[in-house]
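Novice: after the sequence you'll find the predicted model.
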Amino acid sequence: MSGLGNRPYLKMNGIGNEIVVLDLTDGSHAVTPAEARAIAAREPFDQLMVLYPPQKAETDAFMRIFNTDGSQSGACGNGTRCVSWYFMPVAGKDRLLLQTPTSLVESRRAGQGFTVDMGPPEFEWQQIPLARDAGDTKAIDFSFGPVDAPIIQAPSVVNMGNPHAVFWVDSDPADYDLGTIGPQIEHDPLFPERVNISLAEVRSRDHIVLRVWERGAGLTRACGSAACATAVAAVRLGKTERKVRITLPGGDLLIEWRESDGHVLMTGAVELEHEGRFTADWFADAA
Ligand SMILES: N[C@@H](CCC[C@H](N)C(=O)O)C(=O)O
């Protein structure tokens, strides 16, 4: 019998990235992957953000992030902004320090939205991770499509607390069939923990258009950690400045790869769509 029956939750979005926020800081239950999938079947989400009691003295909560398929991620920028909208008033703070299984993320209010410090990126092939050394992580030895005429190739790979492959394209990313391309690359053996796939078109030194196939969630209208990974990769390749506007199907994010400490900051809006309450029948098959 699931301990989630009759629990309240929030359905939100971060510029169109569909998020469910669940507060379990009373420590009364631990969500399983099967329960996450059961929730997604009734209240569709890209990510389920679950708050638990803090595990470190200086943090405000421990946060687990579930994708639609029940897999877990170490980072979710849009979801962290949604959590901030809910939890800052609960905690009586305008700054939160949240721990995930892979990262510490700090969130602060910023106008009508929030700025999340996603921490520093990682670039070593073992940190992405890749199954083997595939060369310079600014442009690895990987291509998709016919050998003599690849559709996309030479992605930049970055870990933002989760793994990302950013492919640079010369036209609108919407011109590509990412719904077909995405799952094939997501499950490629080069990526032992799978990977989030971005198609990025650089429009100017401070503007990129992005479309994302998310690991464990599929095509989403926005992905914050992908926007961070793309901005960092663009700077590494000399394509943009360190402050860049990323336009996704759901809206814009402002990203800065801060020179002073190498941290990546993301600023954007959030929206509350509705409040809901689980019922026990949602979890009848989630044993
Ligand atoms: N949409 C999120 C990313 C969520 C996790 C990703 N699908 C993964 O599995 O790494 C974001 O806004 O960062």
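Specialist: Perfect, I can see it now.

Novice: quick one: contacts for the spatially most central residue of the chain?
Specialist: By CA atoms, centre = their mean, the chain has its centre lying nearest to C76, at 3.5 Å. Residues near C76 by CB atoms under 8 Å, 6 or more residues apart in numbering: I19, Q47, M49, I65, N162, G224, S225. (C-beta placed from N, C-alpha, C; glycine too.)

Novice: would you map the helices across the stretch 101-250 of the chain?
Specialist: Counting by DSSP state H, counting those that start in this stretch, the stretch 101-250 of the chain has helices at residues 178-186, 224-236.

Novice: and the shortest one, which residues are buried?
Specialist: Meaning helix 178-186. Across helix 178-186, burial judged by 16 or more other CB atoms under 10 Å covers L178, I181, G182, P183, I185, E186.

Novice: who in the stretch 151-287 of the chain is up against the ligand?
Specialist: N162, N196, E214, R215, G216, A217, T220, C223, G224, S225 (CB under 6 Å from any ligand atom).

Novice: kindly recompute the last result at 8 Å.
Specialist: Listed as neighbours of the ligand in the stretch 151-287 of the chain under the rule CB under 8 Å from any ligand atom: 160-164, 194, 196, 212, 214-217, 220, 222-228.

Novice: got the domain boundaries for this protein?
Specialist: 8-119+270-283, 143-257 (automatic domain parsing).

Novice: now the end-to-end length of the first one.
Specialist: Just to be clear, that refers to domain 8-119+270-283. Distance across domain 8-119+270-283, first residue to last, is 15 Å (CA to CA, to the nearest Å).

Novice: heads up, I number from 78, so please use that
Specialist: Let's use 78 as the start, then, which means that last one is domain 85-196+347-360.

Novice: could you list the low-pLDDT ranges of the stretch 78-227 of the chain?
Specialist: 78-79 (pLDDT under 70).

Novice: ok, the spatially closest residue to R119 that is not a sequence neighbour to the ligand distance?
Specialist: Among residues not flanking R119 along the chain, W359 sits closest, at 5.2 Å (CB to CB, 6 or more residues apart in numbering). W359 is 22 Å from the ligand, where distance means CB to the nearest ligand atom, to the nearest Å.
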